[in-house]
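Chemist: Build the 3D model from these lines:
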Amino acid sequence: MELTMTTFDKREQGFEAKFAHDEELMFKATARSNKLLGLWAASQLGLSGDAAAGYATALVTDNLASRTMDDVVGKVSGDLAAKGVAREQVALKLQECLHQALAQLEADK
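Modeler: Here you go, the predicted model:
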């Protein structure tokens, strides 16, 4: 018995492919925006070179699967509190970084 794909099956496959693509894009954008935020935060902390790169990389890789944007903002704002940088500033910077990351990913296509 040969099964043929119906229009519904094709549509379902299309939605599944789009969902997978969107999830991958969001994962990449989040990782890239966290790195950009980490580099910005490192400069605020007076870090440069390997120390700045290490801070940014740690922000991306630490608890990669479970860290939310709020967790990232909390971590960075905690690190920058002594420098007088408010949580709201960090949240706005993360939004800027996310837009920048999405634009970079679009340009990479």
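Chemist: how many neighbours does Leu59 have?
Modeler: 22 (other C-beta atoms under 10 Å). Heads up, the C-betas are built off the backbone N, CA and C, glycines and all.
Chemist: which ones are touching it?
Modeler: Residues counted as contacts of Leu59 (C-beta atoms under 8 Å, 6 or more residues apart in numbering) are Asn34, Lys35, Leu37, Gly38, Ala41, Val72, Lys75, Val76.
Chemist: Let me have these in JSON lines, adding distance to Gln89 and neighbour count as columns.
Modeler: JSON lines is the format used below for those (distance: C-beta to C-beta, whole Å; neighbours: other C-beta atoms under 10 Å):
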{"residue": "Asn34", "distance to Gln89": "16", "neighbour count": "27"}
{"residue": "Lys35", "distance to Gln89": "18", "neighbour count": "19"}
{"residue": "Leu37", "distance to Gln89": "11", "neighbour count": "27"}
{"residue": "Gly38", "distance to Gln89": "15", "neighbour count": "25"}
{"residue": "Ala41", "distance to Gln89": "11", "neighbour count": "25"}
{"residue": "Val72", "distance to Gln89": "14", "neighbour count": "24"}
{"residue": "Lys75", "distance to Gln89": "14", "neighbour count": "20"}
{"residue": "Val76", "distance to Gln89": "10", "neighbour count": "27"}
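Chemist: So which of those residues sit within helices?
Modeler: Asn34, Lys35, Leu37, Gly38, Ala41, Val72, Lys75, Val76 (DSSP state H).
Chemist: Tell me which stretches of this structure form helices.
Modeler: Here the chain has its helices, by DSSP H, at 7-44, 49-61, 69-80, 87-108.
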